[in-house]
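[1] everything below, folded, please.
(one chain, ligands or ions: 1)
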Amino acid sequence: MPASVTTPKRPRTKLEKQARLDQILAILDQVFPNVTCALYHSNPWELLVATILSAQCTDERVNMVTPGLFAKYPAIEDFAVATPEALGKDVYSTGFYNNKAKNIIAAAKRILKEYKGQIPNTIEALLTIPGAARKTANVVLGTAFGIASGVVVDTHVSRISQRLDLTRETDPVKIERDLVKLLPQSRWIQFSHQLIHHGRGHCTARSPKCHSCPLNSICYAKDKNA
Ligand code: SF4
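    Here you go, the predicted structure:
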């Protein structure tokens with residue numbers, strides 16, 4: 001950390017840690033009062049498709065692809081009868097297009113067969129859908145159904161939770177385990193959205209803009225910038 005960076009005192013006691021966490025949450029609420037998922041969608045199925053496409057891809061890129069995609073395949077049945085080659089071409093620019101196309105087609109078939117075309121609204125059922133790991137399942141449950149099943153841990157949430165010392169883990173499943181212990185369940189959905197927005201604005205992977213960060217006074221990240 002550069003010498004000119006102010007390093008706040010680390011909290012030591014349980015009370016100090018709780019007070020710092022409360023402060024972090026209050027600041028996030030103040031800066032990001034009404035943030036939500038940035039992926040374009042108009043129903044739970046579209047959100048599931050968009051979230052599968054967002055793996056290793058930016059939301060901006062996915063949002064360039066999905067309006068045309070959902071116009072070409074308006075219903076889940078249309079995806080179920082698509083060929084991986086044709087769908088792969090349509091989602092090519094999101095990367096890993098072969099796997100994504102196969103997963104989306106398999107997801108559509110499974111949802112039609114097992115769930116009468118309705119997206120299931122439990123984490124256990126969603127985890128059986130091809131292409132839906134914990135992150136995808138939490139996104140769909142949180143954003144489409146308002147169900148706080150866990151904390152969405154993407155690259156922004158991982159990085160910022162580590163920088164804010166809310167976890168020392170690097171594996172997303174373990175980070176989520178730490179965050180659900182730390183945060184009240186009523187905060188699980190919103191917290192992820194807030195960190196994702198903070199990660200796109202101030203707390204970027206490279207050269208975070210710490211000088212103007214609202215969390216600066218309580219952040220003691222090793223890679224803080226002046
Ligand atoms: S931008 Fe800097 S000060 Fe703000 S949370 Fe990230 S590392 Fe900490």
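[2] show me the helices in the chain, by range?
    Counting by DSSP state H, the chain has helices at residues 14-31, 44-53, 59-72, 76-80, 84-90, 97-115, 123-126, 134-139, 145, 155-163, 172-182, 188-201.
[3] for A38, find the nearest of these.
    helix 59-72 (4.5 Å; Cβ to Cβ). Placement of C-beta: from N, CA and C, glycine included.
[4] okay, angle between the closest one and helix 188-201 too, please.
    For helix 59-72 against helix 188-201, the angle by axes from the mean of the first three to the mean of the last three Cα atoms, to 10 degrees is 120 degrees.
[5] thinking again about what came up before, now tabulate the helices of the chain in TSV and tack on mean pLDDT and distance to C219.
    Formatted as TSV, the helices of the chain follow (pLDDT from 0 to 100; distance: least, Cβ to Cβ, whole Å):
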stretch	mean pLDDT	distance to C219
helix 14-31	97	9
helix 44-53	98	29
helix 59-72	97	25
helix 76-80	98	43
helix 84-90	98	42
helix 97-115	98	36
helix 123-126	96	31
helix 134-139	95	25
helix 145	97	33
helix 155-163	97	7
helix 172-182	97	16
helix 188-201	96	11
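[6] please list the residues of this protein that sit near the ligand.
    163-164, 202-203, 208-210, 213, 215-216, 219, 221, 224 (Cβ under 6 Å from any ligand atom).
[7] now list the buried members of those residues.
    Listed as buried from the residues of the chain next to the ligand are 163-164, 202-203, 208, 210, 213, 215-216, 219, 221, 224; burial here means 16 or more other Cβ atoms under 10 Å.
[8] if we can go back for a sec, okay if I get the helices of the chain as TSV plus distance to T7?
    Output for the helices of the chain, formatted as TSV (distance: least, Cβ to Cβ, whole Å):
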stretch	distance to T7
helix 14-31	14
helix 44-53	37
helix 59-72	33
helix 76-80	51
helix 84-90	49
helix 97-115	43
helix 123-126	39
helix 134-139	32
helix 145	42
helix 155-163	13
helix 172-182	22
helix 188-201	20
